[in-house]
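J.: the following comprises the amino acid sequence and a computationally predicted model.
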Amino acid sequence: MEQIGAALQQTLEPDAAIRKRGEEALRSLQSNPGYIIQILQLVVNEQQQIAPQIRIAAAVALKNFVKRNWGPAPEVEMGQEDEEQFRSMLLEAMFNTKSNVQEILSNALYLIAQRDFPEKWPDLVPYLSKFLNGADLNHLVASLASMEQIFRKFRFESKSAELWKELKKCLLSTQEPLTLLLRNMMEVGQRKDQLGADEIAQWLRVLLLIAKVYHSLCSQEIPEYFEDHLKDWMPHFLHLVQIDAPTQTSNSGEPTTLDELKHEICEIFTLYSQRYEEEISEFVPDIILAVWNLLKSTGPDTRYDTMVCAALEFLSMVSQRQYYEGHFTGEGVLKTLAENVCVQNLLLRQQDMELFEDEPLDYMKRDIEGTDVGTRRRGAIDLARGLCRRFEAQMLPCLGEIVQNLLGSGDWIKIDIVYSLITAIAVKTETAKSGVTATNPLVDINDFFITQVATHLNADVNQTPILKADALKFAVTFRKQLAPEHLMTAIKSADALLSSNTPILHKYAAYAIEKILLADSNKIFSAQNLPVSSILQNLVTAFDKDAKAQNSPYLIKAILRIIVILDDDTIRHADAIAVKLAQLVESATKNPADSVHTHFLFETICVLITKTRTIGASLDAQLLPLIEVIFREDLEDLIPYALQITGVLVSSCIARNSSIDQFSPFLPFLLSERLWARSANVPAALSVLEVILSVNAQRVVSENSGLILSHLARLLGSKTLDQYGFQLAATILPSIEHFEGSAMTFVLNTMFRRVQSSKTPKFMKLFIVFLCRFTIARSAQDLVQSCENIQTGMFGMLIEKVVCIDLPGLKQTTTGPEKRIIAIGMGNLLADVTQQLVGQYGILSYEVAMLLEAASASDRAVLSPEEEQASMYNAEGEFVNPFCRLSYAPKQPPVAANIANHKAYFAQAVLVRGPGNCPETLRSVPPEIVTYLQSIQQ
């Protein structure tokens with residue numbers, strides 16, 4: 001524990017070198033038995049000799065350990081008993097700590113629950129529920145906060161029997177005590193005027209957590225218990241949405257706990273009115289009135305924005321339901337909503353304009369990225385759109401008159417409202433991935449572009465910047481509906497706007513260029529009809545004009561899209577880009593940049609290396625020194641990218657028939673234990689090793705055989721990383737003879753041990769695929785001999801006791817490429833070592849034929865660039881790319897690329913080549929399989 005304490009102390013030092021030593025020491029200690037228990041003991045130790053900052057540092061280290069090792073690729077695998085002990089101790093520790101430490105432990109608990117609850121941790125929620133009696137406020141808040149995190153997934157995960165089973169378990173433990181807790185809290189509220197400010201804050205905090213937990217539990221289906229007890233919930237929510245708490249004050253425009261509570265209640269009203277309208281019908285008139293009064297009584301301050309947005313969303317939703325139509329058809333109601341609610345909440349406030357000028361990235365995220373921060377404008381647009389869909393005949397003339405009046409004013413701030421209203425009226429359907437997919441035929445998008453958008457885009461680049469941002473956003477929103485000539489106008493105007501004196505317009509211009517080109521599936525735009533040289537130069541200059549440019553991905557994404565369309569003639573103008581990209585990488589090595597910017601920076605480098613290769617150019621001189629810095633300084637977040645770029649550079653050298661000797665100094669780092677100990681580095685390290693071994697296997701293997709086999713054994717022994725172990729094994733197959741000693745025996749024995757001691761369905765699938773790949777990379781005879789070298793009769797036992805037993809279970813778990821490898825590999829076995837398979841010839845033929853006809857598992861479709869980019873974000877809009885995979889990095893060629901039709905190859909092996917060696921084998925193949933194979937033989 002002393003070593004851990006000393007390392008934690010180092011991580012707090014101001015000197016970066018000392019901090020780095022502390023972090024490395026913790027990394028080396030984490031594989032020691034009992035490490036995480038000792039860390040936890042430091043966290044809960046409140047003795048005087050343990051400084052508070054050390055306890056907090058220990059809590060952070062614990063959370064980081066959990067984040068790394070309870071994720072998709074753990075660095076340290078813990079035994080089941082150790083995990084159970086740690087979970088139990090963590091749960092107890094969370095309730096025995098306070099404030100910051102408790103919050104950190106709660107986050108760690110949530111990370112564990114994401115993987116282990118409920119299968120490995122069935123008593124978690126029942127344990128948390130014990131504290132809902134409210135006897136101890138600290139325990140109550142900790143319990144509710146943990147539940148809120150754990151249950152949130154019920155809001156967005158797709159329905160399934162498994163999810164509903166998990167939800168029911170949670171409900172059985174929580175529904176009744178949560179209802180009783182709300183009643184108790186409302187009783188406390190009856191005397192809230194007698195409570196102090198801190199007590200009011202605690203009371204509201206508990207109510208907010210209750211509302212969030214309730215919301216999550218009701219998101220899939222209305223639970224029977226809550227349906228029966230609606231009168232124990234809805235009247236209380238109606239009361240809470242109307243209360244005031246003068247002691248609740250806002251800091252820097254952030255919502256107070258009361259604002260957050262009202263926001264959450266409005267979302268619950270929306271959920272119930274949309275999904276459970278019959279059950280909630282008796283409360284709806286009161287809810288509509290309460291929400292309407294909330295909107296009328298709420299001021300323009302930004303602290304209320306998320307609450308107002310939720311209230312507007314509720315009105316938008318109920319306006320579209322026939323069930324509630326009568327509430328909106330009264331005389332003057334729709335006009336009042338249009339003028340007093342929609343237009344008023346679309347009007348830019350002073351704080352919005354300040355945000356545009358002072359915090360442009362925050363403004364853009366709210367305006368174009370759809371981040372659910374709850375802007376009034378988004379809520380007002382959704383309401384106007386909802387009203388148009390349900391009451392089109394009444395709303396279109398009303399909004400049309402408003403639009404004409406606003407345009408006629410000539411006031412830019414009113415014209416800004418027009419953009420939002422036209423978008424609200426015109427959009428029928430849209431998706432986050434594809435943008436607008438259907439528009440209102442009564443709105444002429446192209447005419448509005450000609451009369452308004454183009455005018456604003458072509459005006460002085462330094463005038464009315466917000467209208468120019470609106471115009472660019474409009475072009476992006478309707479990029480699939482606008483005529484090509486209008487999109488061309490938008491791109492050329494965006495190029496001009498990159499020289500504006502307003503930095504935020506550079507980001508909007510880049511955003512427009514990137515989105516329009518990304519959606520260009522028909523290849524309308526090319527290096528021949530776009531001013532690519534000017535755009536690239538202006539994008540580079542835009543980086544130089546803004547010191548914070550690396551804090552967002554807009555500019556680099558635009559550069560990527562332009563480079564993608566460059567041809568051999570225009571790629572010659574990319575020298576300045578290469579220099580700039582190198583500068584950006586150098587900057588990223590010194591100061592952390594936005595993670596999405598960093599990802600697309602390296603994607604851009606990938607494309608540029610590949611493009612310049614076609615004209616015989618090289619970026620090695622600019623990039624290799626920077627890659628060396630990343631490796632030398634152990635920049636953890638950049639290493640997977642640097643490895644992949646190294647692989648691309650090596651591939652480029654090979655394609656140019658150049659020597660790869662300059663990469664030899666990187667080999668010790670590439671094969672180091674330290675690099676491979678971090679799971680996030682493994683796929684990238686493998687990709688580089690595959691490329692290098694393809695041309696320089698003898699030298700690399702002869703000098704590093706022990707290290708490579710050590711990595712292989714560790715990977716194959718890991719249940720979460722064994723797929724990379726098989727990938728490494730397949731990579732070294734062609735050069736196995738260059739390894740010291742009996743390397744093939746070592747590889748196969750390592751696999752056999754897993755088969756005997758701790759096999760999983762995933763491992764067995766990968767193992768059988770590897771055996772098939774062996775016959776392709778080497779030969780079927782070599783596989784037989786390698787098995788027999790271990791033990792006489794081993795090959796026969798392998799086929800009979802392993803392959804024939806596990807092959808039937810692969811039908812639904814193998815992907816298309818895996819089925820192809822199995823077809824070719826099994827074809828090789830049946831055709832080339834027929835004599836050794838006489839007893840299993842029929843069953844192998846049958847099972848492989850059935851596997852080929854079964855649907856493939858999780859085949860990844862060929863994605864468009866737009867779809868590829870969208871796939872990098874999760875359901876909550878967060879950028880998720882745990883292994884930093886670059887989609888533009890070169891892919892390994894398919895196995896046995898010379899075989900065009902794997903099914904015909906297998907059929908030929910079973911029907912012709914095998915019987916040619918041993919005629920009686922064909923009699924063991926079922927007649928229906930013979931008929932099937934004959935049908936696919938040609």
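T.: All right, it came through fine.

J.: name the element the closest residue to residue 576 other than its chain neighbours belongs to?
T.: Counting by Cβ to Cβ, 6 or more residues apart in numbering, residue 540 is the residue found nearest to residue 576 once chain neighbours are left out, at 5.9 Å. Glycine gets a C-beta too; all of them are placed from N, C-alpha and C. According to DSSP states H and E, residue 540 maps onto helix 532-545.

J.: show me which residues of that helix are buried.
T.: 532-533, 535-540, 542-543 (16 or more other Cβ atoms under 10 Å).

J.: other SSEs contacting that helix?
T.: For helix 532-545, the packing partners by 3 or more Cβ pairs under 8 Å, 6 or more residues apart in numbering; DSSP states H and E come out as helix 484-497, helix 503-518, helix 554-565, helix 575-590.

J.: and the third one, how far out from the chain middle?
T.: Translated: helix 554-565. 21 Å (Cα atoms, centre = their mean, to the nearest Å).

J.: again, but for stretch 752-763
T.: Between the centre of stretch 752-763 and the centre of its chain there are 30 Å (Cα atoms, centre = their mean).

J.: for that stretch, give me every contacting residue.
T.: By Cβ atoms under 8 Å, 6 or more residues apart in numbering, the residues outside stretch 752-763 that reach it are 716-717, 719, 722-723, 764, 767, 790, 802, 809, 813.

J.: so which of the residues you listed is the closest to residue 250?
T.: Top of the list for closeness to residue 250, among the contacts of stretch 752-763 and by Cβ to Cβ, is residue 719 at 49.3 Å.

J.: and the pLDDT for residue 881?
T.: pLDDT recorded at residue 881 is 69.

J.: identify the residues contacting stretch 122-137?
T.: 87, 91, 95, 113, 117-118, 139-140, 142-144, 146-147, 150, 169-170, 173-174, 177-178, 180-181, 184-185, 202, 206.

J.: report the mean confidence score over it.
T.: Mean pLDDT, stretch 122-137: 92.

J.: for it, measure first residue to last.
T.: 25 Å (Cα to Cα, to the nearest Å).

J.: can you pull the poorly scored residue ranges out of this structure?
T.: Within the chain, the stretches with pLDDT under 70 are 47-48, 370-374, 432, 573-574, 614-618, 858-882.

J.: and the strands in it?
T.: 427-431, 435-439 (DSSP state E).

J.: a markdown table for the ones you listed, including mean neighbour count and distance to residue 394?
T.: Listed next are those as a markdown table, based on neighbours: other Cβ atoms under 10 Å; distance: least, Cβ to Cβ, whole Å:
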| stretch | mean neighbour count | distance to residue 394 |
| --- | --- | --- |
| strand 427-431 | 15 | 18 |
| strand 435-439 | 16 | 20 |
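
J.: residue 479 is nearest to which of those strands?
T.: Of the strands of the chain, nearest to residue 479 by Cβ to Cβ is strand 435-439, at 6.1 Å.

J.: and the closest one, which strands flank it?
T.: Paired with strand 435-439 in the same sheet, following DSSP bridges, are strand 427-431 (antiparallel).

J.: what does the partner strand rub up against?
T.: 385, 389, 436-440, 477.

J.: which one of these is nearest residue 783?
T.: Relative to residue 783, and with distances defined as Cβ to Cβ, the nearest of these is residue 437, at 51.9 Å.

J.: what sits against that closest one?
T.: 428-431, 480.

J.: 10 Å instead, please
T.: Residues in contact with residue 437, defined by Cβ atoms under 10 Å, 6 or more residues apart in numbering, are 427-431, 480-481.

J.: same question, residue 150
T.: 109-110, 113-114, 117-118, 124-125, 128, 170, 213, 216.

J.: picking that back up, mind checking how far the residue nearest to residue 576 is from residue 582?
T.: Residue 540 sits 12 Å away from residue 582, going by Cβ to Cβ, to the nearest Å.

J.: run the chain-centre distance for stretch 817-827.
T.: On Cα atoms, centre = their mean, the centre of stretch 817-827 falls 32 Å from that of its chain.

J.: using CSV, list the CA coordinates for it.
T.: Output in CSV follows, covering the C-alpha atoms of stretch 817-827 (Å, rounded to 0.1, in the frame of the first residue of the first chain):
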residue,chain,number,x,y,z
PRO,A,817,-15.8,-13.6,-44.3
GLU,A,818,-15.5,-16.4,-41.6
LYS,A,819,-17.9,-18.6,-43.5
ARG,A,820,-15.7,-18.1,-46.6
ILE,A,821,-12.5,-19.1,-44.7
ILE,A,822,-14.2,-22.2,-43.3
ALA,A,823,-15.5,-23.2,-46.8
ILE,A,824,-12.0,-22.9,-48.3
GLY,A,825,-10.2,-24.4,-45.4
MET,A,826,-12.5,-27.4,-44.9
GLY,A,827,-12.4,-27.9,-48.7
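
J.: tell me what angle the helix holding residue 540 forms with helix 554-565.
T.: 160 degrees (axes from the mean of the first three to the mean of the last three Cα atoms, to 10 degrees).

J.: for stretch 258-277, which residues meet the burial criterion?
T.: Buried residues in stretch 258-277 (16+ other Cβ under 10 Å): 258-273, 276.

J.: report how many residues lie close to the residue lying closest to residue 422 once chain neighbours are set aside.
T.: Nearest residue to residue 422, sequence neighbours excluded (Cβ to Cβ, 6+ apart): residue 448, at 5.9 Å. Neighbour count of residue 448, defined by other Cβ atoms under 10 Å: 20.

J.: I figured residue 448 was touching residue 477, is that so?
T.: No: contact between residue 448 and residue 477 fails when scored by Cβ atoms under 10 Å: they sit 11.5 Å apart.

J.: hey, what's in contact with both of the two?
T.: With Cβ under 10 Å, 6+ apart as the test, residue 448 and residue 477 both reach 419, 422-423, 426.
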